[in-house]
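Chemist: After the sequence you'll find the predicted model.
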Amino acid sequence: MLGLDHARVLRWQIRAGQDQLADARPGPAQALHGLLDWEREAILALAEAWGPTDRSHRKLAHRGSRLGAFYAAESTVLRVLRAADCTFPGYRHGPRVRNGPGRARPNWCPG
C-alpha cells in the first residue's frame with residue numbers, strides 16, 4: 001500500500017521489536033581514519049623523549065615516522081600536543097639585526 005520494499009518493512013518490524021525506531025546518529029561513533037589511543041600515547045611519549053631536542057611538532061612528526069612509532073601529519077601531532085597541554089621551549093626572536101648601517105632615508109620621507 002505504501003510502496004515500500006518488503007525487506008525494509010521487515011527491518012522496521014525488527015527494530016520496532018527492539019525498541020530502536022528512533023533515529024540514530026548515522027555512521028560509526030568514531031571515525032575510521034581517526035587516531036587510536038596507542039597513537040596518541042606514542043606521540044606524547046615521543047614528545048617527552050625528544051621534545052627538548054626537536055622543539056617542534058613538525059620535527060616530531062617526521063621523527064615518529066622515521067622511528068616507526070606512529071604515522072601522523074604535522075597538524076595532527078600539534079593537535080594532540082595542544083590537547084595534552086604540552087609545550088616546547090620556543091626560539092626567542094630578538095630584534096632584527098642588520099648587516100651594516102642600512103640605507104639613509106630619502107629627503108621626502110619624514111621621520
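Modeler: Nice, thanks for sending it over. Numbers count the residues shown, from 1 in each chain.

Chemist: C-alpha from now on. contacts and neighbour counts both.
Modeler: Fine.

Chemist: Name the residues that touch the helix-or-strand element of the chain with minimal mean pLDDT?
Modeler: Ranked by mean pLDDT, DSSP states H and E, the helix or strand of the chain with the weakest confidence is helix 6-17, at a mean of 90. Residues from elsewhere that reach helix 6-17 (Cα atoms under 8 Å, 6 or more residues apart in numbering): Leu21.

Chemist: In this protein, which residue is most central in space?
Modeler: Centre of the chain computed as the mean C-alpha position; nearest residue by Cα atoms, centre = their mean is Thr76, 2.5 Å away.

Chemist: List the contacts of that residue.
Modeler: With contact set as Cα under 8 Å, 6+ apart, Thr76 has no partners.

Chemist: Which helix or strand contains it?
Modeler: Element membership of Thr76, judged by DSSP states H and E, is helix 74-83.

Chemist: from the chain's centre, how far out does that helix sit?
Modeler: Averaging C-alpha positions (Cα atoms, centre = their mean, to the nearest Å) puts helix 74-83 5 Å from its chain's average.
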